[in-house]
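[1] would you be able to build a 3D model of this:
(one chain, ligands or ions: 1)
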Amino acid sequence: MHTPLNLGLIGAGGIGRHLAWQLRPLSEARLTGVYDVDATLAQRAAEELETTAYPSLDALLDAVDACILATPPHTHYALGMQALQRGKHLFCEKPLALTVADCDALLHAAQQAGVRLMAGQVLRLFPLFWQSRQWLQEGVIGAPIAVNLQRRGYEINLFREGWRADPTCSGGVLLEMNVHELDYLRWLLGEFTVVAAQGSQPFPEPNFVQHWQATLRFESGVIGSVECSIVDALGGYTVRIVGAEGTLEHTGFSGVIRYKKHGGHEVSLTPEEIGTPEPYLWELRSFVRAILYDETLPFDGYDGRMAVASAHAILQAMGREA
Ligand SMILES: NC(=O)c1ccc[n+]([C@@H]2O[C@H](COP(=O)([O-])OP(=O)(O)OC[C@H]3O[C@@H](n4cnc5c(N)ncnc54)[C@H](O)[C@@H]3O)[C@@H](O)[C@H]2O)c1
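    As a prediction, the model looks like this:
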């Protein structure tokens, strides 16, 4: 594969344009063009990003080696399949697709075409999340015993607008947002099953669970609980892992990560002290380098598939799915 890699953007909305801006410092790739079902948006994005607006997905695919797919979840399967079947490497925003069967079909298509498939499980690359796994692997709290994750916020208005409000388009909050948390927990502590789950929909709109809790059991024996909300006025993000030799805690996207061994001093780090690269730049650089130099991806399509499968397992345990 030649450099710079020709990348196409499918979907010129919020995250698509953000990802395209992140590409700018990468000398190994260039944004060759953009396609959006809304031609006006595509044209505006092309001007902003100094690239070409293509009138159809086929026309964009003719011009590129790889694609960033940043359209609403219900479109990922069909658009992703089109790109993969044309032999294009694919970075697909999360959730990889809305059903496990569609995820599996995308994985199969990527394998058949011999191309890379990456799902945008970027949460792993945010500094405090990244550092939590580093420390666990270094054994700073010994063998993990239990994990508790809480992601709470008052985000219901975001989910009352556009495609996010329609469960057939977004998949609801578990698929649209909390696949991030489910992927992170699996990365941190390994495979898990859902012991029990319950969800609440206090408001008629959006028509899906707005606050949920689940009890998990990891194959390693670690016990876990997760609580996520889009109706919590105070909000907050916390992850706490109790280990045999100490406890580790962090506060999500900002704040601090700290651990304390039994009888020891507390050690803490801020995101600035951790100093990892900008997460969206990091994931795209990994995608590009995997294609060009066969480097290992930090997460791939299979990880995206497993996050979707976990979301469905929780919905099923809640009685929200057959
Ligand atoms: N990883 C993250 O941090 C993160 C953050 C936000 C969104 N996302 C994900 O990115 C995706 C897009 O979210 P967004 O907030 O950018 O949405 P958005 O509504 O801002 O943008 C979506 C764009 O896709 C276009 N589109 C819709 N259907 C299309 C089709 N069939 N063909 C071509 N273009 C089409 C729309 O016109 C729109 O411009 C979702 O899957 C979402 O979950 C991820």
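[2] what is the burial count for D294?
    For D294, the count of nearby residues is 9 (other C-beta atoms under 10 Å). Backbone N, C-alpha and C define where each C-beta goes, glycine included.
[3] what about P271, how many residues nearby?
    Look at P271: counted by other C-beta under 10 Å, it has 18 neighbours.
[4] which residue packs closest to it, ignoring adjacent ones?
    For P271, ignoring the flanking residues on the chain, the nearest one in space by C-beta to C-beta, 6 or more residues apart in numbering is P127 at 3.9 Å.
[5] contacts only, for the residue of the chain found nearest the ligand.
    Using C-beta to the nearest ligand atom, the closest approach of the chain to the ligand is made by G13 at 1.7 Å. When contacts are counted by C-beta atoms under 8 Å, 6 or more residues apart in numbering, G13 is found next to D36, L41, A70, T71.
[6] looking at the third one now. What's its pLDDT?
    Note for A70: predicted pLDDT of 98.
[7] give me the nearest residue to it, chain neighbours excluded.
    Using C-beta to C-beta, 6+ apart and skipping residues adjacent in sequence, the residue nearest A70 is G16, 3.3 Å away.
[8] okay, that neighbour: pLDDT?
    At G16 the predicted local distance difference test score is 98.
[9] A322 now?
    On the pLDDT scale, A322 is placed at 68.
[10] end-to-end on stretch 284-303?
    Taking C-alpha to C-alpha, to the nearest Å, the span from the opening residue of stretch 284-303 to its closing residue is 16 Å.
[11] near the ligand at all, that stretch?
    No - under the criterion of C-beta under 6 Å from any ligand atom, the ligand is not reached by stretch 284-303; the shortest gap measures 11.4 Å.
[12] now that stretch: buried residues?
    Applying a neighbour-count criterion of 16 or more other C-beta atoms under 10 Å, the buried positions in stretch 284-303 are 284-292, 297-303.
[13] got any ranges where the stretch 201-322 of the chain has weak pLDDT?
    Along the stretch 201-322 of the chain, the parts satisfying pLDDT under 70 run over 322.
[14] all helices of it, in order?
    With helices called from DSSP state H, counting those that start in this stretch, the stretch 201-322 of the chain shows them at 271-274, 279-293, 301-317.
[15] which one of those helices lies nearest to Q131?
    Taking C-beta to C-beta as the measure, the helices of the stretch 201-322 of the chain were each checked against Q131, and helix 271-274 came out nearest at 5.0 Å.
[16] helices or strands up against that closest one?
    Under the contact criterion of 3 or more C-beta pairs under 8 Å, 6 or more residues apart in numbering; DSSP states H and E, the helices and strands touching helix 271-274 comprise helix 127-138.
[17] can you name the residues of the stretch 51-200 of the chain that neighbour the ligand?
    For the stretch 51-200 of the chain, the contact set with the ligand under C-beta under 6 Å from any ligand atom comprises A70, T71, P72, P73, T75, L79, E93, K94, G120, V122, G162, E176.
[18] ok, the residue nearest to P271 - contacts?
    With contacts defined as C-beta under 8 Å, 6+ apart, P127 is in contact with P271, I274, G275, T276.
[19] thought S254 was touching the first one, still the case?
    Yes - counting by C-beta atoms under 8 Å, P271 sits close enough to S254 to count as a contact (6.8 Å).
[20] ok so, going back, pretty sure the residue nearest to A70 sits in a strand.
    No - with DSSP: H, G, I helix; E, B strand; the rest coil as the criterion, G16 is located in helix rather than a strand.
[21] next, count neighbours for it.
    By the measure other C-beta under 10 Å, the count of residues near G16 is 22.
[22] what about the residue most central in space within the chain, distance to V179?
    Centroid-nearest residue in the chain, with C-alpha atoms, centre = their mean: Q121, separated by 2.5 Å. Distance of Q121 to V179, given as C-beta to C-beta, to the nearest Å: 7 Å.
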